[in-house]
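J.: Show me how the following folds:
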Amino acid sequence: METKEQKFYGDPAVPGTVVGKAHIYRRLQPAITEGKVPKDQVEEQLVRFHNVLDLAEKELRKLSESYSNSETEELLDAQIEIVSDPDLRHKVEEEIKKNHKPADAAIQEVFDQYIKLLEVRDAAESGTRAIEITDIRDRVIQLLNDNENKQIAEGTVVVARELSPREVIEFSRQEVKGLVMEQAGDGSHAVILARSLKIPTVVRIAQACDCIPQNSEVALDGSSGTLILNPLPERNEQFDECTTGTESDQSTQKNKTADGYPFELYANIGFRDELKGMHDTGACGIGLLRTELAYLDSGRLGSEQDQQMFYRHILQETDDKPVTIRLFDTGGDKMFDIGPQEPNPNLGWRGIRFLLDEEETLKQQLRAIFSVAGQYPGRIRLLVPMVSCLEEMVRIKEVVNSVSEDMKASGLAVDENMDLGIMVEVPAVAAQINSFVQEVDFLSIGTNDLTQYLLAADRGNDRISALYNQHHPVVWSFIDNIIQAGQTADIPVSVCGELAADSAGACALLGLGISTLSMAPASIPPVRKKLSSHRLQEMQELAKKLLEQNTAAETNELLTKF
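T.: All right, here's what the predicted structure looks like:
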């Protein structure tokens, strides 16, 4: 048997380091009864169907009641709605009554129709939703046929092709140590739940289920996206010393390197419920408020009054800390009912492109932000997403000034000194950065989109996941150029992409000269711990070496060793 240490690289999803036995999880495919049932057994099949729906609903409600965090409750409530949907119930009953199908076959038929309909209506969301609906279908059939997946041993690291939210919750109850998924994005519901439940997670490790032997020893680092098979004893000791970064004393630790150089760690949030996590980890404030996320479930953007209330709550509940509000970044992987489906939404009508075309929506959001900023002067910064040319900045500044002047003319208080910045995520902006720094007050580097555009690798496409690598030398080179332009123009530069949440990546960013990083609240403690354990000179040397490399393999190795 191969015992040599092997490393697999994926994407960081939930920070934390663990060591344990690998459990290769393959969802049990329930056997479906073939043929038709006699007429005199139709009523029995209907009773079985009604009983199993009631049982599935009770199981989901019991799970929901056992967790107090909103993400878990919301996702389970959505599954309860599907199970209790009267239209779904009626269609399964029709399959049993009219076509004399066994209950399990009828359930499969109706759920599969629903999945196909979803794929036609919303191609962008069909992958994530199909996983959840398929899981509900299989779970109902398992309960019907009394066919269960085996219990997973406590303390294992689950390796799976994909996971549903319900499975993540079940594994949490079984106290697994970590999760590895071949197919999942950072925004998938399974990852959101894993983050909420603080289960260290790595995603997009290609063919992990085939390459990792059952019950083999593995070490997982959710902060760097690394999985190590057959880790050396010293590696185990190193990982055992680390934690998931949830210790109570983390929020009181100082944001200083080992030699006293200060840095600032901010939180990326999209929901009011995330504020507690932000406070618990001692974030300096909100570095990225994703204003569109609160409205994704409804499928449409909030009214001016709804937005105003949302922003006011955020400002009220963040003490005197600064808040960077990003304008609606719709499109791409965040779909609303705002226009026809696009063949390539990541390169399409999204972010500022959408807002400049839908100017009233933009003005509505600006009025909501300005009305709150007037009550909390000096605390809000405005961030513009998906900028790709200088003409867009000219237009956005015209609209911003117009809304501000109209509100002042109406006697409303506004913050006239509110800073205006841009997300640097389009290569054209990064290449022309010396011109853009003359037009803005600050820069925020979005490494997620910048990476996919630089490498022409869709970060949501699992088939090319190996090509999407935020450690690629060209990414570091572009970041370095952006930092230098910001320093020359004397304007702040920060990073709010996943690279900031990667502990070693954060060290390299600090070494390049970025002392302000923004990330998911759960990532703040491990990043703080890593930055605090090194001297600035060490991180500067790491950054210098990264800029000298030619391949992603070389930069990955440097960061892993660091």
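J.: Isn't residue 207 up against residue 161?
T.: No - at 9.4 Å, residue 207 does not count as touching residue 161 under the criterion of C-beta atoms under 8 Å. In short, each C-beta sits where N, CA and C put it, glycine included.
J.: what secondary structure does the closest residue in space to residue 442 that isn't next to it in sequence sit in?
T.: Of all residues beyond its chain neighbours, the one nearest residue 442 is residue 421 (3.8 Å), with distances taken as C-beta to C-beta, 6 or more residues apart in numbering. Look at residue 421: counting by DSSP: H, G, I helix; E, B strand; the rest coil, its state is strand.
J.: Residue 421 against residue 440, yeah?
T.: Yes - the pair residue 421 / residue 440 is scored as a contact, 5.2 Å apart, by C-beta under 8 Å.
J.: quick one on the thing from earlier: for residue 207 and residue 161, indicate the residue with more neighbours.
T.: residue 161 (18 against 10; other C-beta atoms under 10 Å).
J.: okay, now the closest residue to the more buried one other than its chain neighbours: neighbour count?
T.: Leaving aside its chain neighbours, residue 161 sits nearest to residue 182 (4.8 Å; criterion: C-beta to C-beta, 6+ apart). For residue 182, the count of nearby residues is 20 (other C-beta under 10 Å).
J.: So what does residue 182 look like in phi/psi?
T.: Main-chain torsions, residue 182, degrees, to the nearest 10: phi -70, psi -40.
J.: give the contact list for it.
T.: By C-beta atoms under 8 Å, 6 or more residues apart in numbering, the contact list for residue 182 reads 160-162, 203-209, 462.
J.: Can you tell me which of the residues you listed has the most neighbours?
T.: residue 203 (28 neighbours).
J.: ok, now how distant is that one from residue 227?
T.: Applying C-beta to C-beta, to the nearest Å, the value for residue 203 to residue 227 is 11 Å.
J.: and for these two, which residues touch both?
T.: With C-beta under 8 Å, 6+ apart as the test, residue 203 and residue 227 both reach 10, 180.
J.: Helices of the stretch 451-562 of the chain, start to end?
T.: Along the stretch 451-562 of the chain, the segments classed as helices by DSSP state H, counting those that start in this stretch run 473-489, 498-501, 503-512, 524-532, 536-548, 552-561.
J.: Reformat the contacts of residue 182 as a markdown table; add distance to residue 27 and pLDDT.
T.: Formatted as a markdown table, the contacts of residue 182 follow (distance: C-beta to C-beta, whole Å; pLDDT from 0 to 100):
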| residue | distance to residue 27 | pLDDT |
| --- | --- | --- |
| 160 | 8 | 94 |
| 161 | 8 | 90 |
| 162 | 8 | 87 |
| 203 | 17 | 90 |
| 204 | 19 | 84 |
| 205 | 18 | 88 |
| 206 | 19 | 82 |
| 207 | 17 | 87 |
| 208 | 15 | 91 |
| 209 | 11 | 93 |
| 462 | 17 | 60 |
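J.: Looking at those, which one is closest to residue 114?
T.: Distance to residue 114, by C-beta to C-beta, is smallest for residue 162 among the contacts of residue 182, at 18.4 Å.
J.: Tell me, how many residues neighbour the closest residue to the closest one other than its chain neighbours?
T.: Excluding its sequence neighbours, the residue lying closest to residue 162 (C-beta to C-beta, 6+ apart) is residue 183, at 4.6 Å. A total of 20 residues lie near residue 183 under the criterion other C-beta under 10 Å.
J.: now do residue 482
T.: 25.
J.: and it, what is it in contact with?
T.: 424, 430, 433, 443, 445, 493.
J.: from these, which two are the most distant?
T.: 430 and 493, at 11.7 Å, using C-beta to C-beta across the contacts of residue 482.
J.: Looking at these two, which is more packed in?
T.: Legend: neighbour count by other C-beta under 10 Å for residue 430 and residue 493, higher for residue 493 (26 against 21).
J.: Which of the helices or strands spans residue 170?
T.: Using DSSP states H and E, residue 170 sits in helix 165-173.
J.: quick one, what contacts the nearest residue to residue 519 once chain neighbours are set aside?
T.: Distances taken as C-beta to C-beta, 6+ apart place residue 501 nearest to residue 519, at 3.9 Å, with adjacent residues excluded. By C-beta under 8 Å, 6+ apart, the contact set of residue 501 is 12, 15, 223, 519-520, 523, 527.
J.: repeat that for 7 Å
T.: Counting by C-beta atoms under 7 Å, 6 or more residues apart in numbering, residue 501 touches 12, 15, 519-520, 523, 527.
J.: pLDDT below threshold where in the stretch 451-562 of the chain?
T.: By pLDDT under 70, the weakly predicted segments of the stretch 451-562 of the chain are 460-463, 465.
J.: Please name the residues that touch residue 389.
T.: residue 428.
J.: Report pLDDT for it.
T.: Residue 389 carries a pLDDT score of 95 in this model.
J.: now do the one 4 residues further on
T.: The per-residue pLDDT reported for residue 393 equals 94.
J.: neighbours around it, how many?
T.: 20.
J.: Residue 262 and residue 12, how far apart?
T.: Separation of residue 262 from residue 12 (C-beta to C-beta): 25 Å.
J.: no wait, residue 137
T.: Taken as C-beta to C-beta, the span from residue 137 to residue 12 is 31 Å.
J.: shouldn't residue 101 be in contact with residue 95?
T.: Yes - here residue 101 reaches residue 95: they are 4.8 Å apart, a contact under C-beta atoms under 7 Å.
J.: which residues are in contact with both of the two?
T.: Applying C-beta under 7 Å, 6+ apart, one finds that residue 101 and residue 95 are jointly contacted by residue 109.
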